[in-house]
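Asks: next input, structure requested:
(one chain, ligands or ions: 1)
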Amino acid sequence: MTEPLTKVCQNPDCNQEKPIDEFYKKKGYKDGRAARCKECLRAYFREYSAAHRDYYRETWKEWKLRNPEKAKEHNKRACEKYRAKKKAEKEAGQ
Ligand SMILES: [Zn+2]
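Replies: Have a look, this model is predicted:
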């Protein structure tokens, strides 16, 4: 099957015909490409993560309050991971 050279972005706000390279490859899609162009997907993810950042931060804070022991464990592990990384960097001659 030959791929078409262009595709129309399915985002109603965009709806532009763009070169096929402007669409991410997606397995399982009819034409093997995402419905929205890269630009639209990038904008979408940016907005999505901005909208959810506060939510996740709040959830995490609450979880820590409810699970102080686990949070301590988590912090300890994060600390160890960080230290191990630094150590590895040092040994690699950084
Ligand atoms: Zn688009």
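Asks: tell me the pLDDT at the nearest residue to residue 37 once chain neighbours are set aside?
Replies: Excluding its sequence neighbours, the residue lying closest to residue 37 (CB to CB, 6 or more residues apart in numbering) is residue 9, at 4.3 Å. The C-beta positions use only the backbone N, C-alpha and C, and glycine is treated the same way. As predicted, residue 9 sits at a pLDDT of 97.
Asks: look up how far residue 59 lies from residue 9.
Replies: Distance from residue 9 to residue 59, counting by CB to CB, to the nearest Å: 33 Å.
Asks: give me the number of residues near the residue nearest to residue 37?
Replies: For residue 9, the neighbour count with other CB atoms under 10 Å is 21.
Asks: please apply the same query to residue 36.
Replies: 19.
Asks: near the ion, which residues of this protein show up?
Replies: 9, 11, 14, 37, 40 (CB under 5 Å from the ion).
Asks: are any of these buried, and which?
Replies: 9, 11, 37, 40 (16 or more other CB atoms under 10 Å).
Asks: restricted to strands, list those.
Replies: In strands, judged by DSSP state E, none of those are found.
Asks: need those in a markdown table (columns: distance to residue 65).
Replies: Formatted as a markdown table, those follow (distance: CB to CB, whole Å):
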| residue | distance to residue 65 |
| --- | --- |
| 9 | 44 |
| 11 | 40 |
| 37 | 42 |
| 40 | 38 |
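Asks: please identify which two of those residues are farthest apart in space.
Replies: Greatest spatial distance among those (CB to CB): 11 and 37, at 7.3 Å.
Asks: mind checking pLDDT for the nearest residue to residue 14 once chain neighbours are set aside?
Replies: Nearest non-adjacent residue to residue 14, counting by CB to CB, 6+ apart: residue 40, 5.1 Å away. Per-residue confidence for residue 40 comes out at a pLDDT of 97.
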